[in-house]
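Student: When you get a sec, could you give me coordinates for this:
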Amino acid sequence: MEITFDCTQCGRCCHDLRLTLSVAEARVWAGRGHRVDLLVEGWPWPDNGALDDPVMQWRRVTTFDARVGDVPFRINLRLVARHDGACPHLLPDMRCGNYDARPRICRIYPLESRPFEAMVPERRLCPPEAWGEGMPVLERDGLAADEEAAAILEAHRAAMVMDVSVKQRLAGLLGFFDAAMAGEGFAVCEVAPWALIEALEAAEMGLGDGPDAWSIVTNRETTRAMLADLECPARLVAAGVGFLGSFADLGGG
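Tutor: Predicted structure coming up:
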């Protein structure tokens, strides 16, 4: 199966997005004074997790161990470039003013950055006219057709694995120990660019200890109650500054 694609330079993918960055890319982005948030989610993780499952294997190598109460979890921490409205590098004619140094996630779009997930054109921001016969082949049988794009995609995924220990220490240095339940959204840590750079540099030097004890934030009372029954620290929040929800708030009365 082939998926064909050609960029129309519509600029849709350069507006109102959170772009997943490596640690090195986050340092560069924040060093220019741009905002980088931490998005955090967690999976309950029994000791006998199904590690023969490739998806579970990927999840394991891109997360770190933690505990919520007495329950073992795996924590996924993403560093994301956040911009409301247009990207700060977007030029009036919709060209990228940072083209040669743009993050890998921009270079591979609209390919799927996560392995084992299909790239679905209808879920991309690109207009219908970007997809069609006679255009360059973007993906063939689920793999990037272009060798350069495939190499960049592999480097992006490798960084997601290599950066795990640094991000674990980063959470400890920033004193941020909240996570959302995976699938429900993300706990959000907003930090000034200069503070993030300082903490990242320390984490890369091996300073600081990642927190073992985490708490869960959720906007669903059923989740909070379930965790309370397991004596897991959890609190009910509304979607907003500190919580990016996947669903509408469902708090208790």
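
Student: all strands of the stretch 151-253 of the chain, in order?
Tutor: 178-181, 185-190, 215-218, 234-236, 243-245 (DSSP state E, counting those that start in this stretch).

Student: List the pairing partners of the last one within its sheet, with orientation.
Tutor: What it means is strand 243-245. Sheet pairing of strand 243-245 (DSSP bridges) gives strand 185-190 (antiparallel).

Student: Kindly reformat the strands of the stretch 151-253 of the chain as CSV and extend each row with distance to Cys87 and mean pLDDT.
Tutor: The C-beta positions use only the backbone N, C-alpha and C, and glycine is treated the same way. Below are these laid out as CSV (distance: least, CB to CB, whole Å; pLDDT from 0 to 100):
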stretch, distance to Cys87, mean pLDDT
strand 178-181, 25, 97
strand 185-190, 18, 97
strand 215-218, 28, 96
strand 234-236, 34, 95
strand 243-245, 19, 93
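
Student: By residue count, which helix of this protein is the longest?
Tutor: helix 147-162 (DSSP state H).

Student: picking up where we left off before, figure out which of the strands of the stretch 151-253 of the chain is closest to Met94.
Tutor: For Met94, the closest of the strands of the stretch 151-253 of the chain is strand 243-245, at 26.9 Å, according to CB to CB.

Student: Give me the below-cutoff pLDDT ranges for the stretch 151-253 of the chain.
Tutor: For the stretch 151-253 of the chain, the stretches flagged by pLDDT under 70 are 252-253.

Student: OK, contacts around the closest residue to Pro88 other than its chain neighbours?
Tutor: Once flanking residues are discounted, Pro88 sits nearest to His34: 5.9 Å by CB to CB, 6 or more residues apart in numbering. His34 sits next to 81, 83, 88, 193 when contact means CB atoms under 8 Å, 6 or more residues apart in numbering.

Student: Try it again at 10 Å.
Tutor: Counting by CB atoms under 10 Å, 6 or more residues apart in numbering, His34 makes contact with 26, 28, 81-83, 87-89, 193.
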